[in-house]
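K.L.:
Kindly return the folded structure for what I paste below:
(one chain, ligands or ions: 1)
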Amino acid sequence: MSVRIKVCGFTRVEDAVAAARLGIDAIGLVFYDKSPRHVGIAQAQAIIAALPPFVTVVALFVNATREEIEAVLAQCAIDVLQFHGEESPAFCRSFHRPYLKAVRVQPGTDLQTLAAQYHDARGLLTDAFVEGAHGGTGKTFDWTLIPAQLPLPLILSGGLDEHNVADAVRRVRPAAVDVSSGVEAGKGIKSPQRVADFVAAVRAAQN
Ligand SMILES: O=C(O)c1ccccc1N[C@@H]1O[C@H](COP(=O)(O)O)[C@@H](O)[C@H]1O
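P.N.:
Model (predicted):
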């Protein structure tokens, strides 16, 4: 199966539409107010309404409250939840929506145990560990820390861009890749050219 591509952190309708036309599978919207890519409800609704069919919409949260998440779900057509904080397995599954659990990987991170704990997730998303940050840092991590076999689909993220993603796909063989900083022209501003180059690099790595 071809490697799925998610691009995260859209803030503008035109960027999301351009990326969808370039063949990405999923877009991410960041509902975390400390992120420079944070979107409000109205902004998210406008982006979602402009998308062509069959593009998955992922809502990203960092230690949000149940009320905050339910407010987003009530007002926006969200397909998948992405949890980037210290949310427990019980909390993640309590929304009865497909979800991804993000893990910030450093030496000693036990991905097998985490995959077992979040066994009903649609995937385990591996990001770089950066002290004081929850993600979207543009930093890579040591991919050899990822076990060859995991019981959950692996979504590789953390500092991917058009220059390193082909190597990442060949080495790690993830089910999907996720990128934010690496396809930007500025914080929250996606570059269609960088998205096109990223998609081409992923596809080339599979041929
Ligand atoms: O994008 C953000 O601003 C963000 C903020 C807080 C948590 C996660 C965030 N983004 C996710 O981080 C990873 C890696 O991003 P990058 O490509 O290294 O910039 C990715 O999964 C984003 O979805």
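K.L.:
now the helices for this protein?
P.N.:
Per DSSP state H, the chain carries helices over the ranges 13-21, 41-50, 66-75, 89-93, 111-117, 165-172, 192-206.
K.L.:
In a markdown table: those helices, plus distance to Gly28.
P.N.:
(Each C-beta comes from the backbone N, C-alpha and C, glycine too.) Output for those, formatted as a markdown table (distance: least, Cβ to Cβ, whole Å):
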| stretch | distance to Gly28 |
| --- | --- |
| helix 13-21 | 10 |
| helix 41-50 | 11 |
| helix 66-75 | 13 |
| helix 89-93 | 16 |
| helix 111-117 | 20 |
| helix 165-172 | 16 |
| helix 192-206 | 13 |
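K.L.:
Point me to the residue sitting closest to the centre of this protein.
P.N.:
Asp178 (4.6 Å; Cα atoms, centre = their mean).
K.L.:
Now do the contacts for that residue.
P.N.:
6-8, 28, 125, 155-157, 160 (Cβ atoms under 8 Å, 6 or more residues apart in numbering).
K.L.:
cool, Leu145 as well?
P.N.:
105-107, 109, 111.
K.L.:
circling back to that earlier point, tell me which of the helices of the chain approaches Glu131 most closely.
P.N.:
Closest of the helices of the chain to Glu131 is helix 111-117, at 19.4 Å (criterion: Cβ to Cβ).
K.L.:
Buried residues of stretch 144-152, list them for me.
P.N.:
146, 150, 152 (16 or more other Cβ atoms under 10 Å).
K.L.:
Take those and write them to CSV, including pLDDT and distance to the ligand.
P.N.:
CSV is the format used below for the buried residues of stretch 144-152 (pLDDT from 0 to 100; distance: Cβ to the nearest ligand atom, whole Å):
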residue, pLDDT, distance to the ligand
Ile146, 97, 15
Leu150, 95, 17
Leu152, 97, 15
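K.L.:
which parts of this structure sit against the ligand?
P.N.:
The chain comes close to the ligand at residues 8-9, 28, 30, 32, 35, 37, 60, 62, 84, 125, 127, 134-138, 157-160, 178-182, as judged by Cβ under 6 Å from any ligand atom.
K.L.:
Buried ones only from those residues, please, as a ChimeraX command.
P.N.:
To isolate the buried members of the residues of the chain next to the ligand in ChimeraX, using 16+ other Cβ under 10 Å:
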select :8,9,28,30,32,35,37,60,62,84,125,127,134,135,136,137,138,157,158,159,160,178,179,180,181,182
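K.L.:
So which of the residues of the chain next to the ligand belong to strands?
P.N.:
Per DSSP state E, strands hold the following members of the residues of the chain next to the ligand: 8, 28, 30, 60, 125, 127, 178-179.
K.L.:
nearest to the ligand, of these?
P.N.:
Cys8 (3.2 Å; Cβ to the nearest ligand atom).
K.L.:
Test of understanding: give the bridge partners of the closest residue to the closest one other than its chain neighbours.
P.N.:
Leaving aside its chain neighbours, Cys8 sits nearest to Gly28 (3.1 Å; criterion: Cβ to Cβ, 6 or more residues apart in numbering). Here Gly28 sits in beta bridges with Cys8, Val58, as judged by DSSP bridges.
K.L.:
residues touching the closest residue in space to Ala196 that isn't next to it in sequence, list them.
P.N.:
In space, Ala196 comes closest to Leu22 once its chain neighbours are excluded; the distance is 5.2 Å by Cβ to Cβ, 6+ apart. Neighbouring residues of Leu22 by Cβ under 8 Å, 6+ apart: 192, 195-196, 199.
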